[in-house]
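In: Requesting a structural model of the entry that follows:
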Amino acid sequence: MIPIPDSFDYGHCGVDLVYGRDSIADLGESLEERGLERALVVCGSNVGANEELMGPVRDGLGERLAGVFDGTKPSKDARDAFDGLERARKVDADVFVAVGGGSSIDVARAMGVLESDGRSMDDLLAEAKGDDDITPIRGGEDVTPLVAVPTTFAGADVSSGGSLLVAGVDEPPTGEVNRLGIDDPRSPPVEIRYDPALFETTPMGALAGSAMNGFDKGIETIYGEGPTAITDGTAVHGLSLLAEALPRLDDGDPDAMDRAVAGIILVQFERSTNIVHAFGHGFSRRYPVQQGVVHAILVPHVLRYVFEHVDGRRDLLARGLGVDPEGLSAEETAEAVVDAVIEVRDGLGLPTRLRDLDPVHRSDAPAIAEFIMGDAALARSPPGLDPTAEEIEAVIHDAW
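Out: Next up is the predicted model:
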């Protein structure tokens, strides 16, 4: 196995990436160096009640902890961001510290720019009833800085994007107009602290689903639009770490966690999410299911669909997943890639069929396909791939 450093600090596009076991202990010192004094921790209720996690976070912040808002939810409802802002005003916070998964990070990211954006929740609901998409959040002069402390592998950390739900998918209007995009170059965290010891406090059930979500970011970056030699290098190396480490996470081996966290940092580098994430969005917008669990079920079927229509850079994917394509036909390489992905999925103990998800109904496939067709991620699909609603629905039925 290729060794990884015990710790490192790396600057990327204005974001300070700090990796290291027990590095959370230095968070308060880092805020002091940035001139930040009053931190509001933003998290979900499960994270807020997890003393094994929150104890080190509180200790790391020390006297700079101003309060906790534990009202984020997996749905990433815009109302959560407004509730968080109200809490931030009460404690006079000058920095948000998002702890947990992608939903908390996205809500905190939105909170940083939403107040200076100037719109209220009623304003957003009024826009949702119009014919056009909701105007994305863009802050004014004052944007509250964000520090992210991820504890799952969803990989929502290094991003200026993300979105919040404004109206439920069953409420009119439906489709993309229901989501509020975050479009401000100042919304990414100023610092992301990757502490493998904190990831170990997350229950394996939540960790496994998020792992597939993050893992797929490396896959999609390789075959998505506009790859470079740099993104190929980080995605391939990240996939190799994840493919080797993720199936070992449930063994309680600290080395597996260290390598998995390093891998998730790498696959996020200039990532290009596309068709797999479009499928995930289609299901997670309609049902209260973890997007990574949907990925686990669908990604083998989506990959087969991709490989049926385009090359999908399958040789490079194979090398990242530990498969030597030398001497294999194109079809054999494609199937070997799918098998390697299934091995990671099964090693995480995740569901294998859509019928295993209680809230999912097969009769909803046409509506879900329409959601997927309208998802912005689908437009970034591999060059030459032009999915139709009928083809997308067929993939859904294959996964049933």
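
In: Kindly export stretch 71-83 (C-alpha atoms) in PDB.
Out: Only the C-alpha atoms of stretch 71-83 are listed here, as PDB (Å, rounded to 0.1, in the frame of the first residue of the first chain):
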ATOM      1  CA  GLY A  71     -31.500  22.200  13.500                       C
ATOM      2  CA  THR A  72     -30.200  21.100  10.100                       C
ATOM      3  CA  LYS A  73     -31.900  18.200   8.400                       C
ATOM      4  CA  PRO A  74     -31.000  15.900   5.500                       C
ATOM      5  CA  SER A  75     -33.600  17.600   3.300                       C
ATOM      6  CA  LYS A  76     -31.500  20.900   3.500                       C
ATOM      7  CA  ASP A  77     -34.700  23.000   3.800                       C
ATOM      8  CA  ALA A  78     -34.100  26.700   3.400                       C
ATOM      9  CA  ARG A  79     -36.200  27.200   6.500                       C
ATOM     10  CA  ASP A  80     -33.300  25.600   8.500                       C
ATOM     11  CA  ALA A  81     -30.900  28.300   7.200                       C
ATOM     12  CA  PHE A  82     -33.200  31.100   8.300                       C
ATOM     13  CA  ASP A  83     -33.700  29.400  11.700                       C
END
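
In: What average pLDDT does that stretch get?
Out: With pLDDT averaged residue by residue, stretch 71-83 scores 91.

In: Secondary structure element for the residue lying closest to residue 356 once chain neighbours are set aside, which one?
Out: Distances taken as CB to CB, 6 or more residues apart in numbering put residue 297 closest to residue 356, at 7.5 Å, once the chain neighbours are dropped. C-beta coordinates here come from the backbone N, C-alpha and C atoms, glycine included. Using DSSP states H and E, residue 297 sits in helix 291-309.

In: Tell me which stretches of the stretch 1-150 of the chain form helices.
Out: Ranges of helices within the stretch 1-150 of the chain are 27-33, 45-48, 51-61, 78-91, 102-117, 121-128, based on DSSP state H, counting those that start in this stretch.

In: How is the chain partitioned into domains?
Out: 7-199, 205-398 (automatic domain parsing).

In: Near residue 297, how many other residues are there?
Out: Residue 297: 27 surrounding residues under other CB atoms under 10 Å.

In: Quick check: pLDDT value at it.
Out: For residue 297, the pLDDT comes out at 97.

In: Next up, the contacts around it.
Out: Listed by CB atoms under 8 Å, 6 or more residues apart in numbering, the contact partners of residue 297 are 350-354, 356-357, 399.

In: just to revisit the earlier point, would you turn the helices of the stretch 1-150 of the chain into a markdown table with mean neighbour count and distance to residue 265?
Out: Compiled in a markdown table, those are given as follows (neighbours: other CB atoms under 10 Å; distance: least, CB to CB, whole Å):
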| stretch | mean neighbour count | distance to residue 265 |
| --- | --- | --- |
| helix 27-33 | 18 | 17 |
| helix 45-48 | 18 | 20 |
| helix 51-61 | 18 | 19 |
| helix 78-91 | 19 | 26 |
| helix 102-117 | 27 | 14 |
| helix 121-128 | 15 | 33 |
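
In: Could you dump those helices into TSV and include distance to residue 21?
Out: Compiled in TSV, the helices of the stretch 1-150 of the chain are given as follows (distance: least, CB to CB, whole Å):
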stretch	distance to residue 21
helix 27-33	14
helix 45-48	19
helix 51-61	11
helix 78-91	29
helix 102-117	21
helix 121-128	40
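
In: Many thanks, I have nothing further to ask.
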